[in-house]
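J.: curious how this folds, go ahead:
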Amino acid sequence: MNESAKLQRDTRQRRIVYDAVMRHWDHPCADTIYMDVHARDSKISKATVYRNLKVLSENREILHVKVPGADRYDRTLKNHYHVICTRCGAVADAPVAYLAENDARTAEETGFLISRHQTVFEGICPDCRNKREQDTK
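T.: Model prediction:
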C-alpha cells in the first residue's frame, strides 16, 4: 500500500471514530466506541479505534475523561467537571462552573504551567437510587 493511500485510510477511520464519539452524550468508554465503529465498518480493529481516540484527544478534537473504572471520551471540549455513579458507572457533565482561578493559583504556587484541571464528583445516579428504592419496597 502506498503512503498516500495509508494516510487516506487513517483519515477515513479517524473520521468514523470521531463521528461515533459525537453521537454520544453519555461519555462512552473506548469499548463502546469500538462497538459503534465496528457496526459501521467491521474491518476497523480495536487497536485502530484506541489509536484514533488517542490522536483525537491529543489534538483536542475530543476530550479524554479519566474516571474510575474506564477512561471515557467526551464531545464537549470546553473545560467542565463530571459526575460518576459509583454503582453503575454512568458519567455525566456536572452542572457547576469551571473554576479557572484554581488553574492560575496552582500554577503560581507550584511553578507548573497549568493547562486545565479535572474534577470528578462521585455519587449514586437517580436511576440507581430509584432502583434501590424499588428493591426495598
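
J.: could you pull out the strands for this protein?
T.: Taking DSSP state E as the criterion, the chain contains strands spanning 63-65, 72-74, 82-85, 91-93, 120-123.

J.: which helices and strands sit right next to the third one?
T.: Judged by 3 or more CB pairs under 8 Å, 6 or more residues apart in numbering; DSSP states H and E, the packing partners of strand 82-85 are strand 91-93, strand 120-123. The way it works is simple: take the backbone N, C-alpha and C, and place the C-beta from them, glycine included.

J.: state the mean pLDDT of stretch 71-80.
T.: Stretch 71-80 shows a mean pLDDT of 95.

J.: before we move on, what about stretch 93-112?
T.: 96.

J.: residues contacting that stretch, please?
T.: Applying CB atoms under 8 Å, 6 or more residues apart in numbering, the contact partners of stretch 93-112 are 74, 76, 78-83, 113-117, 119, 121.

J.: cool, and stretch 37-51?
T.: Where contact means CB under 8 Å, 6+ apart, the residues beyond stretch 37-51 that reach it are Q13, I16, V17, A20, A30, I33, Y34.

J.: what's the answer for stretch 54-74, then?
T.: With CB under 8 Å, 6+ apart as the test, stretch 54-74 has contacts from 14, 17-18, 21, 24, 27-31, 33, 53, 75-77, 82, 84, 89, 91, 93, 118, 120, 122.

J.: and stretch 62-81, what's buried?
T.: Judged by neighbour count using 16 or more other CB atoms under 10 Å, the buried positions of stretch 62-81 are I62, L63, H64, V65, V67, R72, Y73, D74, H80, Y81.

J.: distance from the chain centre to that stretch, please.
T.: 3 Å (CA atoms, centre = their mean, to the nearest Å).

J.: low-confidence ranges, this protein, go.
T.: 1-10, 137 (pLDDT under 70).

J.: residue closest to the middle of it?
T.: Y73 (1.3 Å; CA atoms, centre = their mean).

J.: gap between it and P126?
T.: Using CB to CB, to the nearest Å, Y73 is found at 23 Å from P126.

J.: which one of the buried residues of stretch 62-81 is nearest to T136?
T.: Set against T136, the nearest of these by CB to CB is V67 (27.9 Å).
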